[in-house]
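Chemist: predicted coordinates and the sequence they were generated for:
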Amino acid sequence: MKNIAKPTKLIRYEKYKEVQEELKLCYEETSITGEPHCASIEAPTGGGKTTLLKDTVNELGLSKDEYLYIGTPDNPTPKSIISAGLETIGDPAFDKIRHLWEGKSRLKRFVIEKGIKLVVWDDFQHFASARYMSMEEASEYLKTFIKDTGVTCFVTGIEGEIETVLDSNSQLSRLFETRESVGVFAWEWGVSSNPEVKMCQQFFGALELTLGLHFMKCNEKSKRTESLSKSDSRQELIYRIMYSTQGITANVVNLVRRASREASIAKSHTIELEHLSKAFTQRIEKHVKDRYNPFELPLDTHFDLGLKEIDNLEADKRKLNDVLSTK
């Protein structure tokens, strides 16, 4: 079976810890009640759902023989799904299923006989886009599998796709009482009371602490009357990082790690705007083509370009150049 190794340097911010506790509780309730309790985790690509699952498996103390990780095939059929499960569990004849009922029976038997306690179905959104399998067929099989084996199931996928499958079957939907989402941060400048903003601040603090990074001191002095205060400068720095990465966890970490390397090359003890600017160009820009590089502007003023979809990109680029030329 696929071994989920213990991840390193995890950024356990508050939302992350809250979702993990819900997953652990879901697993524990199955053991207590004898009835399967299941959970879904939605996140965008790069949102950290796989990392969260790896960490949770280790937190639960499960050995590699006590859980089953199934990567849902692209455009799945009932037979390909079962074959994927049998391959992962170590069945040498996983690709020799002659009859569907036979494959279903073998997978269920293996799960029960091997004492599997947790099954993870990754890329669950593929169920919703299957061309050779109806939604009803997919949801009915999953419901039957869970009820027959009695194990906890976690399904992961892209935001908005999982609900389509789960809600197509009322019995399946009830099995998935726990539904969580992770991986995207919202940031509204100057609105510190917003729960999403608070979560973003917590993530940023955890990022610095976990990776041992030190950002530039946000207390620049400026002669400009609209100069930002120290606390506002901190907000501005977080805002620019979240804006430039679209708030996606993997992008944020990728940007900051690269900026840290640039700081090291420059023999700087702190990560400066110039390091973040270079990191954005090298690692992030090609993935977020609708974003400007917000680190080209001094931190003593608010970067307010690119907040909305841009109708006239060239005009806005000229606007940005005009702003830069006045600095």
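Modeler: Here it is on my side, so go on.

Chemist: got the buried residues for the helix or strand hosting E163?
Modeler: Taking DSSP states H and E as the criterion, E163 maps to helix 162-166. The neighbour-count criterion (16 or more other Cβ atoms under 10 Å) identifies 162-163, 165-166 as the buried residues of helix 162-166. Every C-beta, even on glycine, is put in place using the N, C-alpha and C of the backbone.

Chemist: ok, which pair from those residues is furthest apart?
Modeler: E163 and V165 (7.5 Å; Cβ to Cβ).

Chemist: which of the buried residues of helix 162-166 lies closest to R240?
Modeler: I162 (31.8 Å).

Chemist: quickly note the distance from that closest one to E42.
Modeler: For I162, the distance to E42 equals 6 Å [Cβ to Cβ, to the nearest Å].

Chemist: just to revisit the earlier point, in a markdown table, list the buried residues of helix 162-166 along with pLDDT and distance to E274.
Modeler: Listed next are the buried residues of helix 162-166 as a markdown table, based on pLDDT from 0 to 100; distance: Cβ to Cβ, whole Å:
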| residue | pLDDT | distance to E274 |
| --- | --- | --- |
| I162 | 81 | 41 |
| E163 | 82 | 43 |
| V165 | 81 | 47 |
| L166 | 85 | 47 |
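
Chemist: any chance of those residues in JSON lines with distance to G247 as columns?
Modeler: Listed next are the buried residues of helix 162-166 as JSON lines, based on distance: Cβ to Cβ, whole Å:
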{"residue": "I162", "distance to G247": "20"}
{"residue": "E163", "distance to G247": "21"}
{"residue": "V165", "distance to G247": "26"}
{"residue": "L166", "distance to G247": "25"}
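
Chemist: closest to S105 among those?
Modeler: For the buried residues of helix 162-166, the nearest to S105 is V165 (23.1 Å; Cβ to Cβ).

Chemist: what sits against the closest one?
Modeler: By Cβ atoms under 8 Å, 6 or more residues apart in numbering, the contact set of V165 is 124, 127-128, 135, 138-139, 142, 172.

Chemist: now, of those residues, which are buried?
Modeler: 124, 127-128, 138-139, 142, 172.

Chemist: and the furthest pair within those residues?
Modeler: Going by Cβ to Cβ, the pair spanning the buried ones among the contacts of V165 furthest: A128 and L172, at 13.2 Å.

Chemist: if we can go back for a sec, tell me the one of the buried ones among the contacts of V165 nearest T156?
Modeler: Checking the buried ones among the contacts of V165 one by one against T156 (Cβ to Cβ), the nearest turns out to be F124, at 6.0 Å.

Chemist: quick one: the closest one from D300, how far?
Modeler: Distance check for F124 against D300: by Cβ to Cβ, it reads 46 Å.

Chemist: was I right about E14 contacting Q201?
Modeler: No: taking contacts as Cβ atoms under 8 Å, E14 lies outside contact range of Q201: 9.7 Å.

Chemist: these two - which one has more neighbours?
Modeler: Q201 (18 against 14; other Cβ atoms under 10 Å).

Chemist: downstream neighbour of the helix or strand hosting that one in the secondary structure list?
Modeler: Q201 belongs to helix 195-211 when assigned by DSSP H and E. Note on helix 195-211: by DSSP H and E, the next helix or strand toward the C-terminus is helix 230-245.

Chemist: that next one: which residues count as buried?
Modeler: Per 16+ other Cβ under 10 Å, helix 230-245 contains these buried residues: 232-245.

Chemist: between it and helix 195-211, how many degrees?
Modeler: Counting by axes from the mean of the first three to the mean of the last three Cα atoms, to 10 degrees, helix 230-245 lies at 90 degrees to helix 195-211.

Chemist: which residues touch the helix or strand just after helix 230-245?
Modeler: Using DSSP H and E, the next helix or strand after helix 230-245 towards the C-terminus is helix 249-265. With contact meaning Cβ under 8 Å, 6+ apart, helix 249-265 is reached by 11, 45-48, 182-185, 203, 207, 211, 213, 241-242, 244-245, 269-272, 274-276, 278-280, 282-284, 287-288.

Chemist: can you say which of those are buried?
Modeler: 11, 46-48, 182-185, 203, 207, 241-242, 244-245, 271-272, 274-276, 278-280, 283-284, 288.

Chemist: so which of the residues you listed belong to helices?
Modeler: Using DSSP state H, the members of those that fall within helices are 203, 207, 241-242, 244-245, 274-276, 278-279.

Chemist: looking at those, which is nearest T77?
Modeler: Using Cβ to Cβ, these come closest to T77 at T245, 36.9 Å.
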